[in-house]
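3D, please:
(2 chains)
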Amino acid sequence: MSTDAQLKRLTTVFAKQFRLTPDILNASLIRASTEHIKDVSHMRRLVFKDEIQAEDEQYLQWRYFSRGAGDEPSNLWVFRYQGNIIGAVGTDPTEISVNGQPINAVRCMDAIIHPDYDGKGLGAWMNLKLQAMFDIVIAVGANDNSIGMLHKLFKPMPIRQSFKYPIRFDNYFRARLKPPLLAQIAAYIPNLYLAVRLAIFHKRSHLPKDYQLAVNSLNSDIIASLPEASTGLAEISAQRSRDYIRWRYLDNPRNQFRIVTATHHNVVQGYALFCVKFSQGYGRLEGYIMDWGVGDEQHRELILQHLFMTAVVEIKRENAEVANLVLNDSISSNCAKRIGFIWRNTDSRYFVHAQAHIDSKIYDAERWFYSQGETDGI
Amino acid sequence: MSEAKEQITQAAALALIAELFSEAPEGVVPEATRETLLGWDSMGTLLLMAELDERFGVSLDDAGLDEMESIGDIINFMGQQGIIVD
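Below you'll find the model as predicted:
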């Protein structure tokens, strides 16, 4: 059954549950205006409690009201019933490059249903509505509650590979050994080993001729110097335009990002964006390499290795204990492994649905480029 | 008890629910709940509502859904609607 036919069928039935007509049900899902932000944030706190940060309304404003909606008020959708918002989902507009052809797509994230209406079909119906509206819908940020539903409605891909680069073991031993002095002594040797390993990698590998690396805080001038193109590291990827990078990383109210650039005769040929933040779960500072791109096809693996390596060195300077890298494509994976990133796990919490007229190769997970920047967590 | 468009046995009802929830049939027993059956999610609920409406002519409203916490509750509802015959 096609998406449209499935949606029509389920809309008729779902409307009855709310004692609405299908037309009124459809009209109940609208793009939010700023007056809805407070109610949406309140609903998020009801469900996710302490996981929602204090500046959540500021986050929603940035994420859904500051770009890419055209004449529309926002990219945040709300479902209103009897004067109340009982469901919401965000759509982050992007272009997916398939065979060099850009196709409009949305990443849907921050999906939330009021607890009184959870499990009654609203989440699934909203996802079906988005699938009917947009050529490509990418569902990111699946949690234990939604993952089963997303498996039914979407195809799970790309496969998300998580890598870690251990930088120091202080926190690891502090959690396991007492007194603190003993933990400090126990951490000394592995910390030294890691530092030497990093230094050896850095020393042995040389950049291509006439290339230079630089590390800076992200700013408008650097963004203006970046290539206006997708990564080129895989056949299918979301476009990383300058506007997108400015919005995603410079305007981001939740984190401060820095950038490593690789320039050749003053032209930026590659970059990697990273940040350091405190992990509540692990009780330590962790670094995240969020996004990267390399334009020089001849030297791309060597450049990418240096970009990753430099990001790790900078993350170490900010006293983080580990650097995290999440990816899918084989080029990035090989580069990460060569410089010492350790593979930790593979999962699939990234889902894709494309309308019937889109090339079916979009469902081939191995063709995708993917990074942590695609998700809503940071 | 109202007359449904079609009637099935309890075993067939359990098999139908398993199919709608994309669950293995052996896991869909009256004691199973929303917490123990991962497939009893938002989409599973929508598909159940659609099947009840289209195949059996029975509507499931908000109040009815609130009372369904186990597969047994679904079976009881289907029995009350005249869908299940022994």
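
mind checking how far residue A:185 is from chain B?
Per CB to the nearest CB, to the nearest Å, residue A:185 is found 46 Å from chain B. Just so you know, the C-beta spots here come from the backbone N, C-alpha and C atoms, and that holds for glycine as well.

Then residue A:70?
Look at residue A:70 and chain B: by CB to the nearest CB, they are 29 Å apart.

Please apply the same query to residue A:19.
Distance of residue A:19 to chain B, given as CB to the nearest CB: 7 Å.

So that residue sits against residue B:63, correct?
No. Look at residue A:19 against residue B:63 with CB atoms under 8 Å: they stay out of range, at 10.7 Å.

what sits in contact with each of these two?
The contact sets of residue A:19 and residue B:63 do not overlap (CB atoms under 8 Å, 6 or more residues apart in numbering or on different chains).

Would you tell me what the next helix or strand after the helix or strand where residue A:108 lies is?
Following DSSP states H and E, one finds residue A:108 within strand A:101-113. Moving toward the C-terminus from strand A:101-113, the next helix or strand (DSSP H and E) is helix A:122-133.

Tell me who's in contact with the residue most central in space within chain B.
Nearest to the geometric centre of chain B sits residue B:74, at 4.4 Å (CA atoms, centre = their mean). Going by CB under 8 Å, 6+ apart, residue B:74 touches B:13, B:17, B:48, B:68.

is any part of the helix or strand containing the first one close to chain A?
With the criterion set as DSSP H and E, the secondary-structure element containing residue B:13 is helix B:10-20. No. Judged by CB under 8 Å from any CB of the partner chain, helix B:10-20 stays clear of chain A, getting no closer than 10.4 Å.

Can you tell me which helices and strands the helix or strand following that helix packs against?
The first helix or strand that comes after helix B:10-20 along the chain, using DSSP H and E, is helix B:42-56. Using 3 or more CB pairs under 8 Å, 6 or more residues apart in numbering or on different chains; DSSP states H and E as the contact test, the elements touching helix B:42-56 are helix A:3-17, helix A:122-133, helix A:147-153, helix B:10-20, helix B:71-80.

Identify the residues contacting the second one?
Outside helix A:122-133, the residues within contact range by CB under 8 Å, 6+ apart are A:3-4, A:6-7, A:10-11, A:14, A:26, A:29, A:77, A:79, A:86-87, A:89, A:91, A:106, A:108, A:111, A:113, A:137, A:139, A:146, A:149-150, A:152-154, A:353, A:355, B:41-43, B:45-46.

Tell me the residues on chain A that lie near chain B, please.
When proximity is defined as CB under 8 Å from any CB, chain A approaches chain B at A:9-10, A:12-14, A:16-19, A:113, A:118-125, A:145-146, A:148-149, A:152-153.

what is the mean pLDDT for the strand holding residue A:108?
For strand A:101-113, the mean pLDDT works out to 92.

how big is the angle separating it from helix B:42-56?
Comparing the axes of strand A:101-113 and helix B:42-56 via axes from the mean of the first three to the mean of the last three CA atoms, to 10 degrees yields an angle of 90 degrees.
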